[in-house]
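J.: any chance you can model this:
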Amino acid sequence: MSIIKIKTITFLVIGNTALNLYLTGCETVPFQDNKTSIGPVSESPAPEKESSTKEKTIASPDKRPGEVSTEDPLEDLNRGIFKFNETIDGMFLKPAAQIYDLTVHEKIQEGVHNFLTNLTSPVVFINDLLQGAPERAFETFGRFCVNSTIGLLGVFDPGKEMIADYHFEDFGQTLAVAGVDSGPFLMIPIIGPSNPRDFIGRVVDFFADPFPYIARRHGYRNWNYARYGVEFIDKRTHWFDIEKTIYSSNDPYAMVKTLYIQNREFNISNGIVDRESPKPSDEE
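T.: The predicted structure follows:
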């Protein structure tokens, strides 16, 4: 394998993991809806910063196993990395997503998104089983079978009406269900918002995905590169609305952190959260 191919593979692996983490942390967060299970977000002015950095990093004594930590002991460093990630996004990802959004018909974009979502089913299925949720695993398996056949390899989503809507699971959530501590909040270069547990989980999910192995075995290695590239664009395109929310805040970093924690709690609990999630006003 040439040096150019090795560099290309490395870039795509890092990039795909980056987009998954960065956008999973911020995507489809029901923080503005007062009827959601997460609870309403306070719209009152942000309280003055009376607590010290030390106080912010002390874990709550009643913290539950698997709960996503709000601790941010490396806040200054994390903020610097956040600025770096903004620069990279503005130079490469956002322009590519904007061109894609302007030039590709909405129906085609929907089909591409459905197809890519269908490819995540095996990993979701594995994590459903690991979390002791056989009914959800059955739904995932059924959706995959229906969408891969009737839905023309997942381009269409008849499984939504015939079986159930898509649900997302990853190994980071599986570790949380098992009671593994999330560790402190981290802003990772290129990857974005994360924590040690979720970062490890996404790496495990990447190697658990069977499709790259199948493609390589049958000589379709370039198919993997194409898939990762399209995932870049698709996920970044679906982030436009969330981006507006982030940059309407007085503190975009705090908003990203809040959205990430809220969404992880929401996904880990399968949409049922019986404790208050951090609100944007708490982080500003």
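J.: report the buried residues of stretch 214-228.
T.: 215, 224, 227-228 (16 or more other C-beta atoms under 10 Å). Quick note: C-beta positions are derived from backbone N, CA and C, even for glycine.
J.: next, format these as CSV and append secondary structure and distance to residue 266.
T.: CSV is the format used below for the buried residues of stretch 214-228 (DSSP: H, G, I helix; E, B strand; the rest coil; distance: C-beta to C-beta, whole Å):
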residue, secondary structure, distance to residue 266
215, helix, 32
224, helix, 30
227, helix, 27
228, helix, 26
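J.: and of the residues you listed, the nearest to residue 166?
T.: residue 227 (18.0 Å; C-beta to C-beta).
J.: for this structure, which segments count as strands?
T.: In the chain, the strands defined using DSSP state E lie at 186-188, 192-194.
J.: closest one to residue 106 out of the buried residues of stretch 214-228, please.
T.: For the buried residues of stretch 214-228, the closest approach to residue 106 (C-beta to C-beta) belongs to residue 227, at 21.1 Å.
J.: the closest one contacts residue 115, correct?
T.: No. Using C-beta atoms under 8 Å, residue 227 is not in contact with residue 115, being 9.4 Å away.
J.: in the stretch 1-150 of the chain, mark out all the helices, start to finish.
T.: 3-24, 53-56, 75-88, 94-103, 106-119, 121-130, 134-149 (DSSP state H, counting those that start in this stretch).
J.: who are the packing partners of the fifth one?
T.: Which is helix 106-119. helix 134-149, helix 221-237 (3 or more C-beta pairs under 8 Å, 6 or more residues apart in numbering; DSSP states H and E).
J.: wait, which of these is closest to residue 94?
T.: Closest to residue 94 of the helices and strands packed on helix 106-119 is helix 221-237 (C-beta to C-beta; 6.6 Å).
J.: average pLDDT for that closest one?
T.: Across helix 221-237, the average pLDDT comes to 93.
J.: what is it packed up against?
T.: Partner elements for helix 221-237 (3+ C-beta pairs under 8 Å, 6+ apart): helix 3-24, helix 94-103, helix 106-119, helix 211-217.
J.: which of these has the lowest mean pLDDT?
T.: By mean pLDDT, the lowest-scoring of the helices and strands packed on helix 221-237 turns out to be helix 3-24, with a mean of 43.
J.: give me the mean pLDDT for stretch 186-205.
T.: Mean predicted confidence for stretch 186-205 is 95.
J.: give me the buried positions along it.
T.: Neighbour count says stretch 186-205 has 186-188, 190-202, 204-205 buried, by 16+ other C-beta under 10 Å.
J.: run the chain-centre distance for it.
T.: Distance, stretch centre to chain centre, for stretch 186-205: 10 Å (C-alpha atoms, centre = their mean, to the nearest Å).
J.: CA atoms only for it, dumped as PDB, please.
T.: Output of stretch 186-205 as PDB, limited to C-alpha atoms (Å, rounded to 0.1, in the frame of the first residue of the first chain):
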ATOM      1  CA  LEU A 186     -13.300  16.900  26.700                       C
ATOM      2  CA  MET A 187     -13.100  19.000  23.500                       C
ATOM      3  CA  ILE A 188     -10.900  16.900  21.200                       C
ATOM      4  CA  PRO A 189      -9.000  18.400  18.200                       C
ATOM      5  CA  ILE A 190     -11.000  17.700  15.000                       C
ATOM      6  CA  ILE A 191     -13.300  15.300  16.900                       C
ATOM      7  CA  GLY A 192     -15.100  17.900  19.000                       C
ATOM      8  CA  PRO A 193     -17.100  17.400  22.200                       C
ATOM      9  CA  SER A 194     -16.700  14.100  23.900                       C
ATOM     10  CA  ASN A 195     -15.500  12.400  27.100                       C
ATOM     11  CA  PRO A 196     -13.200   9.400  27.600                       C
ATOM     12  CA  ARG A 197     -16.100   6.900  27.700                       C
ATOM     13  CA  ASP A 198     -17.700   8.100  24.500                       C
ATOM     14  CA  PHE A 199     -14.400   8.400  22.700                       C
ATOM     15  CA  ILE A 200     -13.600   4.800  23.400                       C
ATOM     16  CA  GLY A 201     -17.100   3.700  22.500                       C
ATOM     17  CA  ARG A 202     -17.000   5.300  19.100                       C
ATOM     18  CA  VAL A 203     -13.600   3.700  18.300                       C
ATOM     19  CA  VAL A 204     -15.100   0.300  19.200                       C
ATOM     20  CA  ASP A 205     -18.100   1.000  17.000                       C
END
